[in-house]
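Student: show me how the following folds:
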Amino acid sequence: MPFWLPPIIAAPFIGSFVALLIRRLPLGRPVVFARSACETCGAVLRPWDMVPLLSLLLLRGRCRHCGARVALAHAAVEIACLVIAAWVAQGADGPAEMWLGCALGWTLLALAWIDWEHMLLPDALTLPLLLAGLAASLVLDPEELAVHAGGAALGYLIFRGIEIGYRRLRGRDGLGGGDAKLAAAAGAWLGAAALPTVIFLAAVSGLVMALGLRVSGRKVGGEVKLPFGPPLCTAIWIIWLYDIDLGWLVAPDRF
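Tutor: Numbers count the residues shown, from 1 in each chain. The predicted structure follows:
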């Protein structure tokens, strides 16, 4: 069996769990030990009601018990997790890199989605992601573990410094503590040398996001808060996949 096939088969099922995290974690609702139930009538869902994508198609997007429409966002997350697994498979070199890449992508998806909807990056995701980044370094390149640990510390300190400096200059919050922890996770996964590129790509992604919102008619600027988690997750993901290094751009005097 090809090493990339099991993660792709598992992706929609993991996507179902990721969708559950996205819906319940920001609200403080139990995730692991609570039974899945219809959010309209409260009826407990059976295993055959929760087969990713297939159940949604067979039930025509409605609850079997009350007929209420099932949130399409759930299926969207399952499809997104499948796309992430297929994306990782294009460049993964062996099962370890395949599974680690998928785990990173699935977690970043959950973080970006939650931050977009709730302006929140939960510790329950950012801190395990940080530890997983160090574990990934230990598995894939153990000689670089110290570099990645240093990157985690540096990423956190840089974003905390920006957060504190912005609050003192503007008198209000700019970045949250979750952003600093996500930056620490970026350093753990990518290493200290990648942090300037992470910050640059995240800033560019944030500008594109703001422009898209403005074009769509939403007010942007001034006192309007925008989540920085989605741009930061995008930057981490792209750099992990393609090993992008824009050091020549962010530090041109090196060349």
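
Student: helices or strands up against the helix or strand hosting Ala110?
Tutor: Using DSSP states H and E, Ala110 falls within helix 95-118. Counting contacts by 3 or more C-beta pairs under 8 Å, 6 or more residues apart in numbering; DSSP states H and E, helix 95-118 packs against helix 5-24, helix 72-89, helix 123-140, helix 177-190, helix 229-242. Using the backbone N, CA and C atoms, a C-beta is placed for each residue, glycine as well.

Student: which one of the ones you listed lies closest to Ala103?
Tutor: Closest approach to Ala103 among the helices and strands packed on helix 95-118 is made by helix 123-140 (6.4 Å; C-beta to C-beta).

Student: and the closest one, what does it pack onto?
Tutor: Using 3+ C-beta pairs under 8 Å, 6+ apart: helix 123-140 touches helix 95-118, helix 145-170, helix 177-190.

Student: what's in contact with it?
Tutor: Here helix 123-140 makes contact (C-beta atoms under 8 Å, 6 or more residues apart in numbering) with 21, 25, 96-97, 100, 103-104, 107-108, 110-111, 114, 144-145, 147-149, 152, 178, 181-182, 184-191.

Student: are any of those residues buried, and which?
Tutor: Burial by neighbour count, 16 or more other C-beta atoms under 10 Å: within these this picks out 21, 25, 97, 100, 103-104, 107-108, 110-111, 114, 145, 148-149, 152, 178, 181-182, 184-191.

Student: give me whichever of the helices and strands packed on helix 95-118 is most buried.
Tutor: Across the helices and strands packed on helix 95-118, averaging neighbours per residue (mean count of other C-beta atoms under 10 Å) puts helix 177-190 on top, at a mean of 26.

Student: state the mean pLDDT of that helix.
Tutor: Mean per-residue pLDDT for helix 177-190: 95.

Student: cool, stretch 19-27 as well?
Tutor: The average pLDDT within stretch 19-27 is 90.

Student: one more: stretch 138-157?
Tutor: Stretch 138-157 shows a mean pLDDT of 94.
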